[in-house]
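*Asks:* Okay, predicted coordinates and the sequence, questions at the end:
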Amino acid sequence: MGNPWQRGIVVGVDGSPQSMAAVDWAALTADRHGARLTVLSAYVTPPSARTATMGVSVEDLRADAHDAVERATARLDGAHPGGHPVDEQVVHGDPAHVLAQRSTSADLVVVGRRGLGALDRAVLGSVSGTLAASAPGPVAVVPAGAPAGEPSRVVVAVSNGDGGPQLDLGFTEAQRRSCPLAAVHVMEPDAAAGLDLGGPDTGHRAAEQDGVQRQVTQWSERFPGVARSVTFTSGNVVDALLDELGPDDLVVLGGRPHSPTVGRLRYSVADAVLRRSHHPVIVAHRDTARP
């Protein structure tokens, strides 16, 4: 089954129902990886004028953060995910920034995500969206109502030529969870296909498919016990990928971390999938593949 995750899993909580669901998912993941679980809540000190107006003190904010951590730990009912005692932490700082920093020293950072209201569809301006965009390490986002049990498949979105990080994480998850891996590559419609130019470039498409197959085969050789399949489809990348998902799938995507000044992965595939998916999604940034 490979080595356990030595650096552990950090789950961010704020007391909301979606963060409690993230705790459930993170605890199961810690069990599967033999990893230590850290439950963390971060709080920000607002400007003094705003604090006075709202009647909220720094002590109140700190107490709320402690309460969120205690509720999350109580939810585990004395369990030791991954065979380790749960680590409880309350930290002063912006939650997204704190968790992004933790992603450099943890195997995985996990957060919840609220339901998809109109505001969520317009702007994923939450901790989950900011974290997925800016964290240098892998981040799992668990949406409200997502299945908390074992996935039926791990579905990995694979690009041609740069799928290593997501394939590494995807095969690792499939191995640990004893389920198959489904690699999905979406080819955008050929702009020339509808013109009288001899049709689509079939040679280019064949080379593209061959490149994806080689990547999947390379990683499959490192995980020989994982059943895998490769699906090629076409169309809008996000729509086509979401159409391939079953009700209990775990999704693994690639991405590049953006600096806090740039913000989230605006208009990227990862951004759009995080907005629309009802499945747990792991964003495996391109600098996270093991050598």
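*Replies:* Structure's in. What do you need? Note that the structure is a prediction, hence the values are computed from the model and not measured.
*Asks:* Pull the number of nearby residues for Ile9.
*Replies:* Residues within reach of Ile9, counting by other CB atoms under 10 Å, total 24. Every residue, glycine included, has its C-beta placed from N, CA and C.
*Asks:* got the contact list for the closest residue to Gly254 other than its chain neighbours?
*Replies:* Once flanking residues are discounted, Gly254 sits nearest to Gln166: 4.3 Å by CB to CB, 6 or more residues apart in numbering. By CB atoms under 8 Å, 6 or more residues apart in numbering, the residues touching Gln166 are 156-158, 252-254, 284.
*Asks:* which phi and psi does Gln166 have?
*Replies:* As for Gln166, its main-chain torsions (degrees, to the nearest 10) stand at phi -70, psi -30.
*Asks:* The stretch 151-291 of the chain: strands as residue ranges?
*Replies:* Here the stretch 151-291 of the chain has its strands, by DSSP state E, counting those that start in this stretch, at 153-157, 181-187, 228-234, 249-255, 281-285.
*Asks:* got the ones you listed as a markdown table, with distance to Ser128 and mean pLDDT columns?
*Replies:* Output for these, formatted as a markdown table (distance: least, CB to CB, whole Å; pLDDT from 0 to 100):
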| stretch | distance to Ser128 | mean pLDDT |
| --- | --- | --- |
| strand 153-157 | 18 | 97 |
| strand 181-187 | 22 | 95 |
| strand 228-234 | 27 | 95 |
| strand 249-255 | 13 | 91 |
| strand 281-285 | 9 | 90 |
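*Asks:* a markdown table for these, including mean neighbour count and distance to Trp219?
*Replies:* Listed next are those as a markdown table, based on neighbours: other CB atoms under 10 Å; distance: least, CB to CB, whole Å:
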| stretch | mean neighbour count | distance to Trp219 |
| --- | --- | --- |
| strand 153-157 | 26 | 9 |
| strand 181-187 | 23 | 9 |
| strand 228-234 | 15 | 9 |
| strand 249-255 | 26 | 12 |
| strand 281-285 | 26 | 12 |
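*Asks:* Mind putting those into CSV with distance to Trp5?
*Replies:* Shown next, in CSV, are these (distance: least, CB to CB, whole Å):
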stretch, distance to Trp5
strand 153-157, 16
strand 181-187, 18
strand 228-234, 22
strand 249-255, 15
strand 281-285, 13
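*Asks:* Any idea which of the ones you listed gets closest to Met20?
*Replies:* Of all those, strand 281-285 sits nearest to Met20, with 18.3 Å by CB to CB.
*Asks:* So in that sheet, which strands flank that closest one, and in what orientation?
*Replies:* strand 139-143 (antiparallel), strand 249-255 (parallel) (DSSP bridges).
*Asks:* could I get it in PDB with only the CA atoms?
*Replies:* The C-alpha coordinates for strand 281-285 follow below in PDB (Å, rounded to 0.1, in the frame of the first residue of the first chain):
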ATOM      1  CA  VAL A 281     -12.200  17.800  -5.500                       C
ATOM      2  CA  ILE A 282      -8.400  17.700  -4.900                       C
ATOM      3  CA  VAL A 283      -6.300  20.300  -6.700                       C
ATOM      4  CA  ALA A 284      -2.800  18.900  -7.200                       C
ATOM      5  CA  HIS A 285      -0.600  21.800  -8.200                       C
END
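*Asks:* Off-centre distance for it?
*Replies:* Strand 281-285 sits 4 Å away from the centroid of its parent chain (CA atoms, centre = their mean, to the nearest Å).
*Asks:* contacts for that strand?
*Replies:* Here strand 281-285 makes contact (CB under 8 Å, 6+ apart) with 108, 132, 135-141, 143, 165-166, 168-170, 173, 250-257, 270, 273-274.
*Asks:* Report the helix or strand with the lowest average pLDDT across this protein.
*Replies:* Every helix and strand of the chain was ranked by mean pLDDT, DSSP states H and E. The lowest is helix 118-122, at a mean of 42.
*Asks:* The following helix or strand past that helix versus strand 139-143: what angle between them?
*Replies:* Using DSSP states H and E, the helix or strand that follows helix 118-122 in sequence is helix 127-134. With axes from the mean of the first three to the mean of the last three CA atoms, to 10 degrees defining the directions, helix 127-134 sits at 150 degrees from strand 139-143.
*Asks:* packing partners for helix 127-134?
*Replies:* Under the contact criterion of 3 or more CB pairs under 8 Å, 6 or more residues apart in numbering; DSSP states H and E, helix 127-134 touches helix 95-102, strand 108-113, strand 139-143, helix 269-276.
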